[in-house]
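Asker: Following is a predicted model, sequence given first.
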Amino acid sequence: MKTNLKSILAFGAIAIFTVGLVAFTSPQMVDDWEVPAKYKSMENEYAGEDEDGIGEDLYKQHCRSCHGKEGYGDGSKAKELETEMRDLTSEEVQAQSDGELYYKSFIGRDEMPNFEKKIRSEEDRWMVVNFMRSLAE
């Protein structure tokens, strides 16, 4: 009887340790990404524009390999990353302000690279944000 109780307690301790380990090593979620107030309230003076397809072209060049052709987070490189790719068409992502999307897309963090030097034009950056918005349509 004592052996069974010790086995049960040992198994319980291992289970609790395993659950704790998984909880603390899971990839960081988009929800935990703190965006500075200046970006949250940033206005997109080009909202809704991308007639020339610049945003789409830049998305294809810099974003599609991870975020996928349609923005579902299923790009060819997504499986190689520790960070969970979010569906850019989801309500959760689309509910963010243009400034939040701008910050996350161009300032980056961790596995999300900084694109400030690769996409230097402020207008072009906003065109990418506008294209990301169009993915949900």
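Answerer: Done, it's in.

Asker: which residues of the chain score low on pLDDT?
Answerer: 1-31 (pLDDT under 70).

Asker: Would you state the helices of this structure in chain order?
Answerer: 2-25, 37-40, 54-62, 64-67, 91-94, 98-106, 122-134 (DSSP state H).

Asker: Would you indicate which residues of the second one are buried?
Answerer: It stands for helix 37-40. Going by neighbour count (16 or more other Cβ atoms under 10 Å), the buried part of helix 37-40 is residue 39. C-beta: built from backbone N, CA, C; applies to glycine.

Asker: which residues touch that helix?
Answerer: Residues outside helix 37-40 that contact it (Cβ atoms under 8 Å, 6 or more residues apart in numbering) are 97, 99, 100, 102, 103, 107.

Asker: switch the cut-off to 6 Å
Answerer: Helix 37-40 is touched from outside by 97, 99, 100, 103, with contacts defined as Cβ atoms under 6 Å, 6 or more residues apart in numbering.

Asker: and it, how far out from the chain's middle?
Answerer: Between the centre of helix 37-40 and the centre of its chain there are 17 Å (Cα atoms, centre = their mean, to the nearest Å).

Asker: And for stretch 105-121?
Answerer: In terms of Cα atoms, centre = their mean, the centre of stretch 105-121 is found 13 Å from the chain centre.

Asker: Quick check: buried residues in that stretch?
Answerer: 105, 106, 112, 115, 119.

Asker: and if you look at stretch 82-89?
Answerer: Buried residues in stretch 82-89, counted by 16+ other Cβ under 10 Å: 85, 86, 87, 88, 89.
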